[in-house]
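*Asks:* Using only what follows, build the 3D model:
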Amino acid sequence: MSKERAASASLPADRHLYIRQQLQLHGRVLAGELAETLGVSEDSIRRDLRELAAAGVCQRVYGGAIALTPNQASFRARKQEHQARKARLAATAVQQLQPGQFVFLDGGTTNLEIARALPEHLPLTVATNSIPIAAELFGKKQLELLLIGGSVNHQSGDALGTIATLMLQAMRPDICFLGTCSVDSELGIGTLQADEAAFKRQLVEQCGQIILAVTNEKLDTASPFQVAPLGDIGLLIIEPDADPSRLAHLQASGVPLRTAY
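*Replies:* Next up is the predicted model:
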């Protein structure tokens, strides 16, 4: 370590900045490695991580911390972001479908691209709690479209709450494309709001296979509300340029992975 870094490492603000940078680059940090790199005690690093966790930057895990997923903008804003990348994930996702299946499309902008990518010749029954996704599917005559009702979240455009959950409990879809805000090998999949997490947990219970198609930004991050462990995921579809260190954590977890092409 350079003398300049050794000197600056004695200042908590400088350590916090370095830790933030490492979280942004790699998604997670280890207290022992940070202590060695910065030339300070692990107690100092653990204190730094507690302060950063309190500030909403990360979540403490055994031996270190992982990045928290950023607060998400509205559905309308997000659907314009990384559209080509999401379409690439969607093209791989729809390859998992067979004629006649009962499919649930959870809310989310990547799942909107999956709705757009459904082949015109493929007959399916598709249920969704997402108004934008239902609007996209409306008029596709090869589909039987079922719309879950209930209280609508204006941020996401999803129907949630008691009515939506009761309607879902009467269904047994073969496949669910689940929306998520974060994916981590230890903490599983998560989301930002309690009512979203509750509905998604019910989806995991009701559906035969759970498939996630996720952009790189969500890998190795955490959210305030857990939905399910990675062991409940039947297939995780990732981008071809996923960060190798983040990918290694997922591979070690044993979750089935498929790279979009």
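*Asks:* what's the closest non-adjacent residue to I163?
*Replies:* Among residues not flanking I163 along the chain, G150 sits closest, at 3.7 Å (C-beta to C-beta, 6 or more residues apart in numbering). All C-beta atoms are positioned from the backbone trio N, CA, C, and that covers glycine.
*Asks:* distance of A65 from R46?
*Replies:* 9 Å (C-beta to C-beta, to the nearest Å).
*Asks:* Please identify which of these two sits among more neighbours.
*Replies:* A65 (27 against 17; other C-beta atoms under 10 Å).
*Asks:* helix or strand for that one, which one?
*Replies:* strand 64-68 (DSSP states H and E).
*Asks:* quick revisit: pull up the overlap in contacts between A65 and R46.
*Replies:* A31 (C-beta atoms under 8 Å, 6 or more residues apart in numbering).
*Asks:* My guess is I66 contacts L219. True?
*Replies:* No - using C-beta atoms under 8 Å, I66 is not in contact with L219; the gap is 10.2 Å.
*Asks:* who touches both of these two?
*Replies:* The contact sets of I66 and L219 overlap at G27 (C-beta under 8 Å, 6+ apart).
*Asks:* The strand holding A65 packs against which elements?
*Replies:* Other helices and strands packing on strand 64-68, by 3 or more C-beta pairs under 8 Å, 6 or more residues apart in numbering; DSSP states H and E, are helix 12-26, strand 28-30, helix 31-38, helix 42-54, strand 58-61, strand 221-222.
*Asks:* let's see it at 6 Å
*Replies:* When contacts are defined as 3 or more C-beta pairs under 6 Å, 6 or more residues apart in numbering; DSSP states H and E, strand 64-68 packs onto strand 28-30, strand 58-61, strand 221-222.
*Asks:* Now distance to V103, mean pLDDT and mean neighbour count too, for these, in CSV please.
*Replies:* Shown next, in CSV, are the helices and strands packed on strand 64-68 (distance: least, C-beta to C-beta, whole Å; pLDDT from 0 to 100; neighbours: other C-beta atoms under 10 Å):
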stretch, distance to V103, mean pLDDT, mean neighbour count
strand 28-30, 33, 85, 22
strand 58-61, 32, 82, 20
strand 221-222, 27, 86, 25
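*Asks:* To L112, which of the ones you listed lies closest?
*Replies:* strand 221-222 (20.9 Å; C-beta to C-beta).
*Asks:* And that closest one, how far out from the chain middle?
*Replies:* 8 Å (C-alpha atoms, centre = their mean, to the nearest Å).
*Asks:* Which elements pack onto it?
*Replies:* Using 3+ C-beta pairs under 6 Å, 6+ apart: strand 221-222 touches strand 64-68, strand 182-184.
*Asks:* from those, which stretch is densest packed?
*Replies:* strand 182-184 (a mean of 28; mean count of other C-beta atoms under 10 Å).
*Asks:* Quick one: list the elements packing against the helix or strand that that strand is followed by.
*Replies:* Per DSSP H and E, the first helix or strand lying C-terminal to strand 182-184 is strand 188-191. Under the contact criterion of 3+ C-beta pairs under 6 Å, 6+ apart, strand 188-191 touches strand 225-228.
*Asks:* Tell me the strands beside the strand holding A65, with direction?
*Replies:* strand 28-30 (antiparallel), strand 58-61 (antiparallel), strand 221-222 (parallel) (DSSP bridges).
*Asks:* From V214, how far out is the residue nearest to I163?
*Replies:* From G150 to V214 the distance is 25 Å (C-beta to C-beta).
*Asks:* now the helices and strands packed on strand 64-68 in JSON lines, with distance to V126?
*Replies:* Output for the helices and strands packed on strand 64-68, formatted as JSON lines (distance: least, C-beta to C-beta, whole Å):
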{"stretch": "strand 28-30", "distance to V126": "36"}
{"stretch": "strand 58-61", "distance to V126": "34"}
{"stretch": "strand 221-222", "distance to V126": "29"}
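*Asks:* what about those strands, which gets the closest to S182?
*Replies:* Of all those, strand 221-222 comes closest under C-beta to C-beta, at 4.2 Å.
*Asks:* Quick check: can you list the domain ranges of the chain?
*Replies:* As given by the TED database, the domain ranges for the chain are 3-67, 75-259.
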